[in-house]
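Enquirer: need a 3D model of the following:
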Amino acid sequence: MKAALAFILAAGCALGAVAPAHAQSDGGAEARKNRDAERNAIELMGCLARSEKRQAAAVIGLEPGSEAEGKAFMGLFDSARMCVPRGKKVNTQGVNLRGVLAEALYVRTFRDAGPASGAAQPDWLKQPTHAAYAVVQCAAEKDPVAADRLLRTQWHSPEEVAAADALLPTLQTCANGRQVNFDRVTLHGLIAEALFRARGGLSASEGNS
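Expert: I've put the predicted structure just below:
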């Protein structure tokens, strides 16, 4: 796990990194369980992004952790029940589903890198509790090509490490001394949401499902 976080701990970075609860152990059985949860989340959120794109994008437009977001997620699951076979329990424990959904939406909507013009930002992005979102939003808009490159890589791959390393200086600049904690898997979701928002993905998804 230390190697997986090295990109954000190097050079006295102002950004911190903590392993999410589901990734604390590198043990064989536990590691397989963690990867299974990640794979399940990718498949589930990918299905939701394909079948209910407009409704999925609406979730990303809401404040993270809010009651409105929770209700929107439940509505999304109700509208796309084919994504979860009846009676089947899908383990996604420890995975940030909002981030995985944002990544699925982004790569489906935008096939290539492009300018991030800086669409209007929601008020919640200015709150200290959402500092990680603000830092990554800044980085995605400053270097959208490097940010996009990260999203085209597979989780835990050497290519992902290299792409994250390339984005690190911009993240450091945007942190501006703030202490923000996230790991690479979380960074995928934050970058995806930031680019999706900045490139007009929310408005582009209106009227499409």
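Enquirer: which secondary structure state is assigned to the spatially most central residue of the chain?
Expert: With distances taken as C-alpha atoms, centre = their mean, G189 lies nearest the centre of the chain, 0.6 Å away. Assigned with DSSP: H, G, I helix; E, B strand; the rest coil, G189 falls in the helix class.
Enquirer: excluding chain neighbours, what is closest to it?
Expert: Spatially, and ignoring its direct neighbours in sequence, G189 is nearest to G99 (1.6 Å; C-beta to C-beta, 6 or more residues apart in numbering). Every residue, glycine included, has its C-beta placed from N, CA and C.
Enquirer: my read: that neighbour touches H188, true?
Expert: Yes: counting by C-beta atoms under 8 Å, G99 touches H188, with 6.4 Å between them.
Enquirer: related to what we said a few turns ago, quick one: the residue nearest to G189 and L151, what's the gap?
Expert: When C-beta to C-beta, to the nearest Å is the yardstick, G99 and L151 sit 11 Å from each other.
Enquirer: and what of R35?
Expert: In this view, R35 and L151 are 19 Å apart by C-beta to C-beta.
Enquirer: also A140?
Expert: The spacing between A140 and L151, counted by C-beta to C-beta, is 10 Å.
Enquirer: neighbour count: these two, which is higher?
Expert: Taking A140 and L151 together and counting by other C-beta atoms under 10 Å, A140 has the greater number of neighbours (30 against 22).
Enquirer: that one: which element?
Expert: helix 131-142 (DSSP states H and E).
Enquirer: which helices and strands sit right next to the helix or strand just after that helix?
Expert: Sequence-wise, the next helix or strand beyond helix 131-142 is helix 144-151, with elements assigned using DSSP H and E. Counting contacts by 3 or more C-beta pairs under 8 Å, 6 or more residues apart in numbering; DSSP states H and E, helix 144-151 packs against helix 97-109, helix 158-175, helix 184-198.
Enquirer: Throw these into TSV and include distance to K53, thanks.
Expert: Supplementary listing: the helices and strands packed on helix 144-151 in TSV, determined by distance: least, C-beta to C-beta, whole Å:
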stretch	distance to K53
helix 97-109	7
helix 158-175	25
helix 184-198	11
